[in-house]
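Enquirer: Need the 3D shape of this:
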Amino acid sequence: MPASNGFGDSAQVCAAAWQLRAERARRLAFMLSQRDAAAIEAYAKECEARARQAAERSWAEELPPLAA
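Expert: Predicted coordinates for the structure are as follows:
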């Protein structure tokens, strides 16, 4: 399978990185006080939102241009 360096690939990598941050934050939150865990959960939700944005960008970049 040939490697691709297109924009879609970088957006997918970015989405995966944000999702990984969210997962790590949630694992860390289990070890903290409830107040601190709530702050970490907010960060995890922000990471997931950024992952969704990156995934949407990736999806949009793969679409062919609209015909005029």
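
Enquirer: which residue is nearest the middle of this protein?
Expert: Ala51 (1.9 Å; C-alpha atoms, centre = their mean).

Enquirer: Pretty sure it sits against Glu23.
Expert: No. Here Ala51 lies out of contact with Glu23, judged by C-beta atoms under 8 Å, at a distance of 10.2 Å. (Each C-beta comes from the backbone N, C-alpha and C, glycine too.)

Enquirer: so where's this structure uncertain?
Expert: Per-residue confidence for the chain (pLDDT under 70) gives these ranges: 1-8, 62-68.

Enquirer: And the helices in this protein, which stretches?
Expert: 7-29, 34-61 (DSSP state H).

Enquirer: Give me the angle between the longest one and helix 7-29.
Expert: Yep, that's helix 34-61 we're talking about. If you take axes from the mean of the first three to the mean of the last three C-alpha atoms, to 10 degrees, helix 34-61 sits at 170 degrees to helix 7-29.

Enquirer: Going by neighbour count, list what's buried in helix 34-61.
Expert: Ala37, Ile40, Ala44, Cys47, Glu48, Arg50, Ala51, Ala54, Ala55, Arg57, Ser58 (16 or more other C-beta atoms under 10 Å).
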